[in-house]
Every structure is written in structure tokens, then in C-alpha cells.
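Q: no sequence on this one, just coordinates:
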């Protein structure tokens, strides 16, 4: 197991793995997002209280969940990089960061668009919203720190430490709706035993959730492949790869 | 045991001497706080009720901003004249060295600020309860600012343009502290107990005290390339 896992410390192996995984993730993710979104936006029943405006949940919840999951994935990559000194782990970390930042932004934006008709305001300094905004700042900080270094290996280490420091924010975001009495509603789907959403509304949401997860994975993997090529451009294996492609 | 004590003692003595030989640099953050606090009554209007409401937040934000300005001093000079490298190769436990340096930084940059706080409180028309709460939150919170700041400084010390990026990294991680501190003072202003908020701040302080020196010493090694 460990030997199988640790072979991906080599950029060459990781590059091949990324190529394989991308093919598995990319098309299914697009298909799932298409199905889930159309189902959710057109065919799912109206909410008895919120009418049609609840439908933004099909974008809002997956992006919000994925913004946190992407951060955890990034932090795990950073930890792997710091503990076992894998170069590829830093590449994975920095490949995930912008994707996660975009997810955070989508979550904030759709949340604002949802808040306007429901709460009557675009933005409120409520615990969930504030901590999500901090998450965006943390992503941007990691990206900014990485890009400030000329030596990318060193930049990866520094950004990795910063990413790990920011991990404390994740439980705060997750539990903010329970710890504080907020305007933002509590969890809808993570209570699997007694979900507070009707099944015909839940299915498209779950499909979109999986679709978004695969989408984030696919884009991160594509970015990681690019990162590997960019960093290893002078290695013989990349050169032979290019020569093969040209034939 | 005695050797680790002598390391802490030596580092602290050195840092304190260095700090007090650059008195101007010590005084500047304090003057900055004073001026920021002066700007607010001019900017939002001198109504005493308004100032009392926003005063604690102003003082906390001024403390954070002035802390950010003086933060770089913690490792910058040592990095550029090679002292950090010498400390790393000397075989001394870097965790102790970093902890001592952070504590020194807190002593010279935040303790004077806490002493200045009653004066600022008078400027902003804070009640006695609020002033006491403000000083307690600063006492618990500013060491956290120093420790988290030290991580940021250690990460960016090798960069040519580290100044602004340091603020971008640090402000998000300071936010939780600011939230609990101002919430404690708000409770104090209504004469409610504010021990829960202080307890959370204390927990944050203990957690960072346990982890920050380790992170700082690793970050210094990374920066030393």
C-alpha cells in the first residue's frame, strides 16, 4: 500500500496518474452537473415558502461544500509535502488553491444573490458568511505567498505552512451555524438520518454535489499536470514526451 | 534544562539590547496607534456615544495595524546580517530561540501599547468597565498577534518585497481574535460577564503558544536557502 502510494512522489508517475484520472473525471463531471442543474432548475418542485428562488441551492451548496473540501485537500497535500518532502505534493497543493478560491467565490456570490430575496440584504456580517470570506482570503494568501517566491520549491514549503495554519478556519465555518445564532440556516443534507429536504429536491442536489466534486478534481488534476510540466520542463522525460507528441 | 534556560536568557538579552538601541523604531508604532486613534473622531465625528460604541474596535484595529508594521523587525535584521543562519547551524534548539524572540517582540512592541491603552480609552470616551476589559483582551490577545505574526514574518523574510504580502497573510488569521475581543468588550459595556470570550481567547493563546514556535523554526529553515 505504502509503496504503491509513494511512487507518486515522482513527477513522472504523478503525471501519468493525472492523465488517467482526468479522463475518468472530466466527462462524468460535466454530465452530472448538466443533469443535476437542469433537473434542479427546471423539474424539481417549488419550495412552498421560497418559491423558485430556493433553486440556487443547487449551485450554492455544492460550491460551498467543495470550497471547504478543496481547502482540506490542499492542506493534506501541504502536510504530505512537509512531512515526506514530496515535490509533487506541493504541485498538487498549488494546483488546488485557485480552484478552491473560485469555489469559495461562487459560494459567496450565489449566497449573496440568494440572500437578497430571502433576507432582504446582499450581505450581512453573520458568522457563516464572515468565516467563508476569511476562507477566500486564506486561499488568496496561499496563492500570493507561493507566487512571491522565485524558487518554487521553497515557495511551496512556505505556502504549505500557511495553508496548514489556515486549517483552523474549516471547523469554524462548518460549525458556525451551530455555535452562533446566525441568520444563515443550519445544515440541510449532512443529517443523513433525518434530512430536512424532500427527496425529489434532494436528488438533483446530490447529483450536482458529485458533479462539482468531480469537476474540482478534474480541473485540479489538469492544473497539476501543467504545473508538473512547467516545473520539470528541462528534465529528459518531459522532452521525450514532447517528442513523442510531435510525431 | 539549565542549557535551555541559558539559551532563552541569551537570546532575550540580545534582542532586548538590540531593541533598546533603536529607540526610534520602538516608538514609531506607538505614535502610529496614537495618530490612527486621533483620525477616527475627526473622520466619523466627535459624538461621545458613537466613539464609545466603536472605540474598542478602533483600538484593536490600530493595535493590529501597528503590530503589522513593526512585525518585520522580528527576524529581518537577523536574516540579513546572517545571525539567523548562525543560530540554525549552532545546533541550538530553534524552537526555544524562536519562542524567546517572539516573547521579546511582544515585550517591546505590545506591552507599551497596553500601557498606553488607558489614555486611548479616555480619548474615545470608554467607560471604566470597558477599559478594563479592553486591557485584559489586549493582554491575552497581543501575544497571539506576535506568535502568528512571527510565522508570517519567518515565511516572508527571504522575499525582497515581503511587506504587503505579510499583511495579506496575517490579517485573515487575526480576524477570529478581533471578533472575540470586541465581543468581550461589548459584553463589558453592558455590564454582562465576559469570561466566555476570554476563555476562548485564552484557548487560542495556549494553542498558538504550543504550535507557533515549531512552525516558526521550520519556516526559518525554509527561508534560509
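A: Okay, I see it. All values reported here derive from a predicted model rather than from experimental measurement.
Q: shaky segments in the chain?
A: Here I'm looking at chain A. A:180-183, A:186-196, A:247 (pLDDT under 70).
Q: oops, I was thinking of chain B
A: Along chain B, segments meeting pLDDT under 70 span B:1-2, B:162-163.
Q: For chain A, what's its nearest residue on chain B.
A: Taking C-beta to the nearest C-beta, chain A has its nearest neighbour within chain B at residue B:172, 3.8 Å off. Using the backbone N, CA and C atoms, a C-beta is placed for each residue, glycine as well.
Q: contacting residues for that residue?
A: Counting by C-beta atoms under 8 Å, 6 or more residues apart in numbering or on different chains, residue B:172 touches A:134, A:137, A:138, A:141, A:166, A:169.
Q: What separation do you get for it and residue A:179?
A: 19 Å (C-beta to C-beta, to the nearest Å).
Q: Over to residue B:118?
A: From residue B:118 across to residue A:179, the span is 33 Å (C-beta to C-beta).
Q: picking that back up, beyond the helix or strand hosting the residue of chain B closest to chain A, next helix or strand please.
A: Secondary structure assignment for residue B:172, by DSSP states H and E: helix B:163-189. Once helix B:163-189 ends, the next helix or strand along the chain (criterion: DSSP H and E) is helix B:195-223.
Q: isn't residue A:160 right up against residue A:82?
A: Yes. Counting by C-beta atoms under 8 Å, residue A:160 touches residue A:82, with 5.4 Å between them.
Q: Between those two, point out the one with more neighbours.
A: residue A:160 (28 against 19; other C-beta atoms under 10 Å in any protein chain shown).
Q: Return the residues in contact with the residue positioned nearest the centre of chain A.
A: Of all residues in chain A, the one closest to the mean position by C-alpha atoms, centre = their mean is residue A:70, 3.3 Å from it. The neighbours of residue A:70, taking C-beta under 8 Å, 6+ apart as the test, are A:96, A:99, A:100, A:103, A:216, A:220.
Q: still on that earlier bit, more neighbours, residue B:118 and residue A:179?
A: residue B:118 (15 against 11).
Q: wait, the more buried one sits on residue B:131?
A: Yes. Applying C-beta under 8 Å, one finds residue B:118 in contact with residue B:131, separated by 6.0 Å.
Q: Just give the nearest non-adjacent residue to the closest residue to chain B within chain A, would you?
A: Residue of chain A nearest chain B, by C-beta to the nearest C-beta: residue A:137 (3.8 Å). Leaving aside its chain neighbours, residue A:137 sits nearest to residue B:172 (3.8 Å; criterion: C-beta to C-beta, 6 or more residues apart in numbering or on different chains).
Q: do the same with residue A:116
A: Take residue A:116 and drop its neighbours on the chain: the residue closest to it by C-beta to C-beta, 6+ apart is residue A:122, 5.4 Å away.
Q: In which helix or strand does the one you found reside?
A: Using DSSP H and E, residue A:122 falls outside every helix and strand.
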